[in-house]
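Asker: below is the structure, and that's it, no one-letter string:
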């Protein structure tokens, strides 16, 4: 009989050994058993497959975890970290000036599905410059209903000695894009904001599109009132489960926005929920295959090359700033401002 965990000796002869009932102790190797009364029993003969199976059952297994197995040896996108990098990026944003003499601020519009993290991104960027975590743009917790209902523009202010001096960056928050027709921000209203027709504080409603009869409607918007870059905000933890209708909606939006001469980029939020290794150490973000794959999916959803997409980790639950999280956010802002200046270069005539 094959007793789990007991080796079978090649010296033991089956002809001189009595059958052993299942669960009884096995006689020592080479020992002849005495004659016993016949007892109904079943003898299990050890086969090669049994020995292999036994080995699989008793052999210990060790796992490093999927998050570590999906980390590449080298970064798939070059990134520098450290206090000096953070300060350089801070100064770059603080000193930014639009490449147009008549324009004083760079207006950037954030568009994305409900719950993607648009308002949280705005608050996170402001937190970096405030030196502490704040929620300047009110943030909701629902992923089905947009918390933001109105057009709100947030001028990002400096920190430290320049706390009272606003930067030239203005981040604009609007209602989230819904999954079906008649829900969330409409194409018409999104384009009205980009063209500068929608007034500050306008409350969006699919039943009441922005038009000449809208209170505060801007008939002849100046370049200062128009949007100079559009940022699509995509939740990295949900990018693979968005409804197919989103892809068509975003690509239709992108086509119309491009026709207006406005450049678009994207930020991938909640990357700490995509890869647990990056959650514990955000500097691993560009070594994570999971995040890389999420960016590819975001690119497919938007019809956009991944070179336009940057990952970020918003300050959603943390109460204190983190240097490397700041760097990722500042790098995203720096990326956005490059395309803001392309707008002014393209429309300099």
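Answerer: Noted; the coordinates are in hand. Bear in mind the structure is a predicted one, so any value in this text is a computation, not a measurement.
Asker: could you check the pLDDT of residue 99?
Answerer: If you check residue 99, the pLDDT there is 88.
Asker: so where's the longest helix in this protein?
Answerer: helix 323-346 (DSSP state H).
Asker: pLDDT of it, averaged?
Answerer: Mean pLDDT, computed over helix 323-346, is 96.
Asker: and that helix, what's buried?
Answerer: Residues 324-333, 335-337, 339-344 are the ones in helix 323-346 that count as buried (16 or more other Cβ atoms under 10 Å). Just so you know, the C-beta spots here come from the backbone N, C-alpha and C atoms, and that holds for glycine as well.
Asker: stretch 273-293 too?
Answerer: Within stretch 273-293, the residues scored as buried using 16+ other Cβ under 10 Å are 273-279, 282-288, 290-293.
Asker: what segments of the stretch 51-200 of the chain are strands?
Answerer: Using DSSP state E, counting those that start in this stretch, the strands of the stretch 51-200 of the chain run over residues 106-111, 152-157, 166-173.
Asker: which elements pack onto the first one?
Answerer: The one in question is strand 106-111. Under the contact criterion of 3 or more Cβ pairs under 8 Å, 6 or more residues apart in numbering; DSSP states H and E, strand 106-111 touches helix 118-130, strand 166-173, helix 187-195, strand 229-235, helix 323-346.
Asker: now do 7 Å
Answerer: In this structure, strand 106-111 packs against strand 166-173, helix 187-195, strand 229-235, helix 323-346, with contacts taken as 3 or more Cβ pairs under 7 Å, 6 or more residues apart in numbering; DSSP states H and E.
Asker: direction included, what does it pair against?
Answerer: Strand pairing for strand 106-111, determined by DSSP bridges: strand 166-173 (parallel), strand 229-235 (parallel).
Asker: got the angle for that strand vs strand 152-157?
Answerer: 130 degrees (axes from the mean of the first three to the mean of the last three Cα atoms, to 10 degrees).
Asker: how far off helix 118-130 does strand 106-111 point, in degrees?
Answerer: Using the same axes, to 10 degrees, the direction of strand 106-111 lies 140 degrees away from that of helix 118-130.
Asker: over to the last one?
Answerer: An angle of 170 degrees separates the directions of strand 166-173 and helix 118-130 when computed by the same axes, to 10 degrees.
Asker: now strand 166-173, how far from the centre of its chain.
Answerer: Computed by Cα atoms, centre = their mean, to the nearest Å, the chain-centroid distance of strand 166-173 equals 23 Å.
Asker: show me the contacts for residue 150.
Answerer: The contact partners of residue 150, by Cβ atoms under 7 Å, 6 or more residues apart in numbering, come to 201, 202, 203.
Asker: got a list of what the last one touches?
Answerer: With contact taken as Cβ under 7 Å, 6+ apart, residue 203 is in contact with 149, 150.
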